[in-house]
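Student: One predicted model, sequence on top.
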Amino acid sequence: MTSVWPTVVPLALGAAVSPALLTIQLLILAGKSRPVPRGWAYTAGVFVTTVIYMVVLATIARGIVLASSNQSDVERIVKLVAAAGLLFLGVHALRKKRDPAKIQARDEKLAKAPLRDFFGIGFAAMWGNLSSLVLILPAVHITINSDATSSTIATMMGLILLCAIAPALLPVLLLTLAGSHADPALASLNRFTTAHAQQINAGICFLFAALLVYSGLKP
């Protein structure tokens, strides 16, 4: 039972690193029109997508034994497929060219969108957050089929969910609690993630791909 945590926690933490989700949230919070309500609506959309994805994964995974002292062939395949997906995403992130016109158009669309649209923006943004979704997959598979108690499984699933939505949740929570005092920190974070989003995404993909390959191939 305790052996599941060292596998699940790194995957959950990896899912928490999403420059794409964070950048969109920071752009929303930098707006002049109702930034906090918009930020919470966006976070709600991210939350709903993640819950749906995890419920579907948990339903499909139930009955497939993945978490045991001896890895099953299915567990190895899940990890190696996830690693291959992350490698692809990492290479794609590095090769993708920044288009200033598209970035400007996205920013203008966010600035003009009504409040109700931000839930949909968050919902769609999480479905497009492939690097996090790929890491959530093995984490949920291993958790739902472990021999842990029901309360421990619920705690692990809650951790996965919280980590996955953290890039959207933490900035708006910080702004809600700290008000204008959080503005300088959010502005600095926005500049950094905007400038280095591709490198951050690629680095996270490569790191966790390597970890999944090692975990999937070890005896």
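Tutor: It's in.

Student: Would you mind confirming that Gly85 makes contact with Val134?
Tutor: Yes: judged on CB atoms under 8 Å, Gly85 makes contact with Val134 at a distance of 4.7 Å. (Each C-beta comes from the backbone N, C-alpha and C, glycine too.)

Student: Looking at the two now, which is surrounded by more residues?
Tutor: The neighbour comparison of Gly85 against Val134 (other CB atoms under 10 Å) goes to Val134, with 24 against 19.

Student: Please, which helix or strand holds that one?
Tutor: Under the criterion of DSSP states H and E, Val134 resides in helix 130-144.

Student: Which strands or helices does that helix pack on?
Tutor: In terms of contacts (3 or more CB pairs under 8 Å, 6 or more residues apart in numbering; DSSP states H and E), helix 130-144 is packed against helix 5-15, helix 35-61, helix 73-95, helix 117-127, helix 150-178, helix 183-217.

Student: 10 Å instead?
Tutor: When contacts are defined as 3 or more CB pairs under 10 Å, 6 or more residues apart in numbering; DSSP states H and E, helix 130-144 sits against helix 5-15, helix 19-29, helix 35-61, helix 73-95, helix 117-127, helix 150-178, helix 183-217.

Student: Buried residues, the first one. List them.
Tutor: Okay, so that is helix 5-15. Residues Trp5, Thr7, Val8, Pro10, Leu11, Ala12, Leu13, Gly14, Ala15 are the ones in helix 5-15 that count as buried (16 or more other CB atoms under 10 Å).

Student: same deal with the fourth one?
Tutor: Neighbour-count burial for helix 73-95, with 16+ other CB under 10 Å as criterion, is recorded at Glu75, Val78, Lys79, Leu80, Ala82, Ala83, Gly85, Leu86, Leu87, Leu89, Gly90, Ala93.
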